[in-house]
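1. Structure, please.
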Amino acid sequence: MGTVKKKIDFASELAMGKPNSLGNTLKVVKIVQSDPKKFPQLLELLLHKDSLVAMRAMNATKRLMRADKDFFDSQKESLIKVYPKSKHNVVKLGLIILYFDFIKEFSSSEIKSIKNLTLKWVRESEDWMILAQGLKLLEKLAKIDSKIHPDLIKVAKMLQKDSRKAVSAKAKKVLSTI
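-> Here you go, the predicted structure:
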């Protein structure tokens, strides 16, 4: 008699625990590491309606991709085309961080898409982390493609007077180094 594999409900797992904790994120990471075919099931949660589930799914995704580049390679295109549709700032921030970490793995056309997404998010967001990390990513992109400089300068000028020190300091630094 064979064993019956129980389907794991990642959304329920990721919803458990206190909001400011990892909850069962590490458990989900271990499950996916032991069965990489479950990775798409986890990624779908980046679009989940519950921001806590989406946040923890992004945390798990970053952990998996950083630990094993195969997880990144298999989903590179979806990181640009599918998951930016998330309404959650935590997912957008996570994508900005993944783009920054893996920028050398993207083609020139993918980099153009990343630039456009990042500019859009920076222009539309009030979230200080998206603004600061978005500037950091745009600065890195400008080192790869100097055509990005005018957009970067425009955004940095807009943000240099931001009331939040992390944002205004990053914008001023960008402007002083271009």
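
2. show me the contacts for the residue positioned nearest the centre of the chain.
-> Residue closest to the average C-alpha location in the chain (Cα atoms, centre = their mean): residue 95, at 1.6 Å. Residue 95 makes contact with 58, 79, 83, 84, 117 under the criterion Cβ atoms under 8 Å, 6 or more residues apart in numbering. All C-beta spots, glycine's among them, are computed from the backbone N, C-alpha and C.

3. any idea how far residue 137 is from the last one?
-> As for residue 117, its distance to residue 137 is 10 Å (criterion: Cβ to Cβ, to the nearest Å).

4. Neighbour count: the two, which is higher?
-> Between residue 117 and residue 137, counted using other Cβ atoms under 10 Å, the more crowded position is residue 137 (26 against 19).

5. which residue packs closest to that one, ignoring adjacent ones?
-> residue 100 (4.8 Å; Cβ to Cβ, 6 or more residues apart in numbering).

6. Contacts only, for the one you found.
-> Neighbours of residue 100 in contact, by Cβ under 8 Å, 6+ apart: 133, 136, 137, 140.

7. What's the separation between the nearest residue to residue 127 once chain neighbours are set aside and residue 71?
-> With sequence-adjacent residues excluded and distances taken as Cβ to Cβ, 6+ apart, residue 127 is closest to residue 89, at 4.7 Å. If you measure residue 89 against residue 71 using Cβ to Cβ, the figure is 23 Å.

8. Go ahead and list the helix or strand containing the residue nearest to residue 137.
-> Taking DSSP states H and E as the criterion, the element that holds residue 100 is helix 89-101.

9. what about that helix, distance to the chain center?
-> How far helix 89-101 lies from its chain's middle: 2 Å, per Cα atoms, centre = their mean, to the nearest Å.

10. Export it to PDB, keeping only CA atoms.
-> What follows is the C-alpha trace of helix 89-101 in PDB, where atoms were taken according to Å, rounded to 0.1, in the frame of the first residue of the first chain:
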ATOM      1  CA  ASN A  89       3.900  47.000  -1.600                       C
ATOM      2  CA  VAL A  90       5.800  44.200   0.200                       C
ATOM      3  CA  VAL A  91       5.800  42.200  -3.100                       C
ATOM      4  CA  LYS A  92       6.900  45.200  -5.100                       C
ATOM      5  CA  LEU A  93       9.700  45.900  -2.600                       C
ATOM      6  CA  GLY A  94      10.800  42.200  -2.700                       C
ATOM      7  CA  LEU A  95      10.900  42.400  -6.500                       C
ATOM      8  CA  ILE A  96      13.000  45.500  -6.500                       C
ATOM      9  CA  ILE A  97      15.400  43.700  -4.100                       C
ATOM     10  CA  LEU A  98      15.500  40.600  -6.400                       C
ATOM     11  CA  TYR A  99      16.100  42.700  -9.500                       C
ATOM     12  CA  PHE A 100      18.900  44.400  -7.700                       C
ATOM     13  CA  ASP A 101      20.500  41.100  -6.500                       C
END
